[in-house]
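Asker: Predicted model follows, preceded by the sequence.
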Amino acid sequence: DTEVTQTPKHLVMGMTNKKSLKCEQHMGHRAMYWYKQKAKKPPELMFVYSYEKLSINESVPSRFSPECPNSSLLNLHLHALQPEDSALYLCASSQGRGVYEKLFFGSGTQLSVL
Amino acid sequence: QKEVEQNSGPLSVPEGAIASLNCTYSDRGSQSFFWYRQYSGKSPELIMSIYSNGDKEDGRFTAQLNKASQYVSLLIRDSQPSDSATYLCAVGSGNTGKLIFGQGTTLQVKP
């Protein structure tokens, strides 16, 4: 089983809403990631959790708040987003032994902010 | 200079031909190199990884790495229309400890 599961697949929210994106993996990986990808651009790293501790935070606006309840789960809490935050949000995981690792991506959440 | 550079394309090849995708990187300390395939509206899928100089083959795919020239490539033999996608080169940076993605090359395989 090499699957990273993300929910929901699509999300439309207003600028005053609060929502959460969820990610789950059962590969025993110890590192989990959030990426943001705009159309025709490469993925941009937002956050990295390694062994359930936030290890990389790419100075993302505070309206994005990550949470890692355990080694299999990763959430991204969204509040007061802007239209320019509309993008594909990708969760990924890796074994966690080092940073030069294969990432396995979930199917993503396509987010639209109105 | 971008950390990881790819020609955005589109690269157009006829069905059955060899597609050659190229990537250069700036960090000489980089140790790991990956190719991801991404279909439109979908997430990236890992197709190849390479860590040492030379060639690595997996089915119709061959990754080539030349650390002296800071160059990594992906060859796709017997290209199929289903190979039409964006191919992302990713490099594990020795400086930042992060995976750096190139802009991606769009491949079109015409029947």
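Answerer: Yes, it's here.

Asker: Quick check: the residue minimising distance to the centre of chain A vs chain B, distance?
Answerer: Note on chain A: the residue nearest the mean C-alpha position is A:Trp34, at 2.8 Å, using C-alpha atoms, centre = their mean. Between A:Trp34 and chain B the distance, using C-beta to the nearest C-beta, to the nearest Å, works out to 13 Å. C-beta here means a position set from N, CA and C on the backbone, and glycine is covered the same way.

Asker: and the lowest-mean-pLDDT helix or strand in chain B, what other elements does it pack with?
Answerer: None of the helices or strands of chain B scores lower by mean pLDDT, DSSP states H and E than strand B:99-101, at a mean of 91. Contact partners of strand B:99-101 among helices and strands, from 3 or more C-beta pairs under 8 Å, 6 or more residues apart in numbering or on different chains; DSSP states H and E: strand B:85-92.

Asker: Show me which positions of the worst-scoring helix or strand of chain A on mean pLDDT end up buried.
Answerer: Evaluated with mean pLDDT, DSSP H and E, the helix-and-strand set of chain A has its lowest mean pLDDT in strand A:53-57, which scores a mean of 84. Taking 16 or more other C-beta atoms under 10 Å in any protein chain shown as the neighbour-count basis, strand A:53-57 is seen to contain the buried residues A:Ile56.

Asker: Stretch B:11-23 now?
Answerer: Under the neighbour-count rule (16+ other C-beta under 10 Å), stretch B:11-23 has B:Leu11, B:Val13, B:Ala19, B:Leu21, B:Asn22, B:Cys23 buried.

Asker: What of stretch A:34-51?
Answerer: Along stretch A:34-51, the positions that meet the burial threshold by neighbour count (16+ other C-beta under 10 Å) are A:Trp34, A:Tyr35, A:Lys36, A:Gln37, A:Pro42, A:Pro43, A:Leu45, A:Met46, A:Phe47, A:Val48, A:Tyr49, A:Ser50.

Asker: Make TSV from those residues and add distance to B:Glu3 and secondary structure to it.
Answerer: Formatted as TSV, the entries for the buried residues of stretch A:34-51 read as follows, by distance: C-beta to C-beta, whole Å; DSSP: H, G, I helix; E, B strand; the rest coil:
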residue	distance to B:Glu3	secondary structure
A:Trp34	20	strand
A:Tyr35	16	strand
A:Lys36	18	strand
A:Gln37	17	strand
A:Pro42	11	coil
A:Pro43	14	coil
A:Leu45	13	strand
A:Met46	18	strand
A:Phe47	20	strand
A:Val48	18	strand
A:Tyr49	23	strand
A:Ser50	22	strand
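
Asker: Looking at those, which is nearest chain B?
Answerer: Taking C-beta to the nearest C-beta as the measure, A:Pro42 is the one of those closest to chain B, at 3.6 Å.

Asker: Give me the phi and psi angles of the closest one.
Answerer: With angles defined as degrees, to the nearest 10, A:Pro42 shows backbone torsions of phi -80, psi 160.

Asker: How about it: what's its closest non-neighbour residue?
Answerer: B:Phe101 (3.6 Å; C-beta to C-beta, 6 or more residues apart in numbering or on different chains).

Asker: So what's the residue count around that neighbour?
Answerer: Residues within reach of B:Phe101, counting by other C-beta atoms under 10 Å in any protein chain shown, total 23.
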